[in-house]
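Enquirer: Below are the sequence and a predicted model; questions follow.
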Amino acid sequence: MSRDSHVFDATAAQYDLWYESPLGQAADDIEKRLMAEAAAPLMAQDTLDLGAGTGQLSLYLAAQGARVTGLDISGKMLARARDKAVQANLACLFLEADAAALPFPDGSFDVVTCLTALEFFPYPADALAEAWRVLRPGGRLVVGTIHRDSAWGEAYRAMAGEGDPIFRHARLFGRDKLASLLGASRPSLSEGLYLGPDARPATLAEALRQDDEARAQGAPPGFVVARWVKPGGRHQVGGDSADWLPSVPVPSGDGPL
Ligand SMILES: C[S@@+](CC[C@H](N)C(=O)[O-])C[C@H]1O[C@@H](n2cnc3c(N)ncnc32)[C@H](O)[C@@H]1O
């Protein structure tokens, strides 16, 4: 366990306040939708959500019929997730463990997701290698990250520079770096969240309208999803990573991390 492993314990009680603001709701809505789209199908799929935190994505996937195990290194974040599962009457297993050493046999899951958590893993490459190991042939590995080269990336890097207790532990990925994390196996990418962190919409509907406008004006996406498909298996959906069509085409050729 690294010295940074429990960095989220201190923020667990306040973490979900973000989802109460219209901007937080919009970011959550956009991110979860892109993740679910890339992970589909979900019904009766054995799904592992890495860095599950307070269960925001885990519970969303469970509500769509996935059989979800949410894994996190922070017991306090998981305690919130368990409470939310009870309140929502959703069956979801939450497990305290390190994403870099998964306590599952090879080929245990149809889907592995990781939403805005890889940025905080001390050993992201090890975590992805473990995720790949526990996937079944034909399974989908879906990783959603804050886009380094965006207004969100800039804001978080500024916070890190000021010693923010959470973001000083973050390592943000550009598209190329994200796509290279599993070596030769290249993912398909999708993206969203064009609205910037300085926006102050009054409602969720206004936030989503502003997001559309920012996209039309060419703002870079604040959120990028990589989707890898493990070769083989009858669960394979839409062929391999290379021929899956993301909802939004991603331009090639971004800069290094
Ligand atoms: C920004 S939160 C994201 C939580 C959730 N996925 C969400 O989108 O709300 C990052 C999470 O990664 C977890 N984390 C950090 N290092 C970890 C590790 N080595 N193994 C498992 N989880 C880890 C943190 O405890 C935290 O809950």
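Expert: Looks like it arrived, so ask away.
Enquirer: Angles on the backbone of the closest residue to the ligand within the stretch 51-200 of the chain, please.
Expert: Closest to the ligand within the stretch 51-200 of the chain is residue 53: 2.5 Å, counting by CB to the nearest ligand atom. Yep, even glycine has a C-beta here, placed from its N, CA and C like the rest. When quoted as degrees, to the nearest 10, the phi and psi of residue 53 stand at phi 60, psi -130.
Enquirer: my guess is it contacts residue 9, does it?
Expert: No: when contacts are counted by CB atoms under 8 Å, residue 53 is not listed as touching residue 9 (11.3 Å).
Enquirer: okay, and the common contacts of those two?
Expert: Overlap of the contact sets of residue 53 and residue 9 (by CB atoms under 8 Å, 6 or more residues apart in numbering) consists of 74, 77.
Enquirer: For the two, work out which one has more neighbours and name it.
Expert: More crowded of residue 53 and residue 9, by other CB atoms under 10 Å: residue 53, with 24 against 14.
Enquirer: mind checking pLDDT for the more buried one?
Expert: At residue 53, the model reports a pLDDT of 98.
Enquirer: go on, residue 184?
Expert: At residue 184, the model reports a pLDDT of 82.
Enquirer: Run a quick neighbour tally on the nearest residue to the residue of the stretch 51-200 of the chain closest to the ligand once chain neighbours are set aside.
Expert: Spatially, and ignoring its direct neighbours in sequence, residue 53 is nearest to residue 77 (4.6 Å; CB to CB, 6 or more residues apart in numbering). The burial count assigned to residue 77 is 24, neighbours taken as other CB under 10 Å.
Enquirer: So residue 77 sits against residue 8, correct?
Expert: Yes: in terms of CB under 8 Å, residue 77 counts as a neighbour of residue 8; the distance is 5.1 Å.
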